[in-house]
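Colleague: got a predicted model here, sequence first, then my questions.
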Amino acid sequence: MKVTVTHIPEEGLTREFLKDGDWFHSLLPERDGTDIAIERISGQYTAAKIGRTVSVRGSIETEVTLGCCRCLKEFVLPIRAEFKYTFVPVEKMSNKEELELTGEDLGFGYYKDDLIELDLIILEQIILQIPMKPLCDVACKGLCPRCGIDRNVEQCDHETTSFENPFAVLRQLKINNGKN
Ligand SMILES: [Zn+2]
Ligand SMILES: [Zn+2]
């Protein structure tokens, strides 16, 4: 998805977009092991320019299907993201400017040949919202490490270690208090 800078009218340019999972996966580094099920990405952006400096702001809406890291069940995580970037032509890049901007303004980029590429920005915004350890629910009880049943739906007789179960820790504290 590219924006041609000379085509941006004075009053700005607004576009809607709709992308699919193939588009998303084609942007990911090859075989990076990321297994993200995503089907539909929609959003819009507005580009405006002052001279040759272009500001682009937009929003993205999508849903990803992830596997819970505790119970392994698949669940859908809705994602909404907003982004705002400023672009200057790469010819304007001087060492001084680069130093001033690096690390301070993350929403900053360069464009060349009159074209601003938005694909990677959108990809990044989505990736940033995907948790490293996805949970179907913050209270997910996970699988029993001994028999493997899903503790959210069934119960077994295997002890939950006190480390995993906050209530067991509380019980422990009460016993100790009683003794003292
Ligand atoms: Zn879970
Ligand atoms: Zn068990």
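Modeller: That came through fine. Ligands and ions are numbered 1, 2, ... in the order given.

Colleague: any idea how far ligand 2 is from the spatially most central residue of the chain?
Modeller: Nearest residue to the geometric centre of the chain (CA atoms, centre = their mean): residue 129, 2.3 Å. Applying CB to the ion, to the nearest Å, the value for residue 129 to ligand 2 is 34 Å. Placement of C-beta: from N, CA and C, glycine included.

Colleague: next one: residue 134
Modeller: For residue 134 relative to ligand 2 (CB to the ion), the value is 23 Å.

Colleague: give me the element that residue is part of.
Modeller: Counting by DSSP states H and E, there is no helix or strand that carries residue 134.

Colleague: doesn't residue 126 fall inside a helix?
Modeller: Yes - in this structure, residue 126 lies within a helix as judged by DSSP: H, G, I helix; E, B strand; the rest coil.

Colleague: so for it, what's the pLDDT?
Modeller: With respect to pLDDT, residue 126 scores 93.

Colleague: now for the helix or strand harbouring residue 26, which elements pack on it?
Modeller: Residue 26 is located in helix 21-27, with elements delineated by DSSP H and E. Contacts defined by 3 or more CB pairs under 8 Å, 6 or more residues apart in numbering; DSSP states H and E place helix 21-27 against strand 37-50, helix 119-128.
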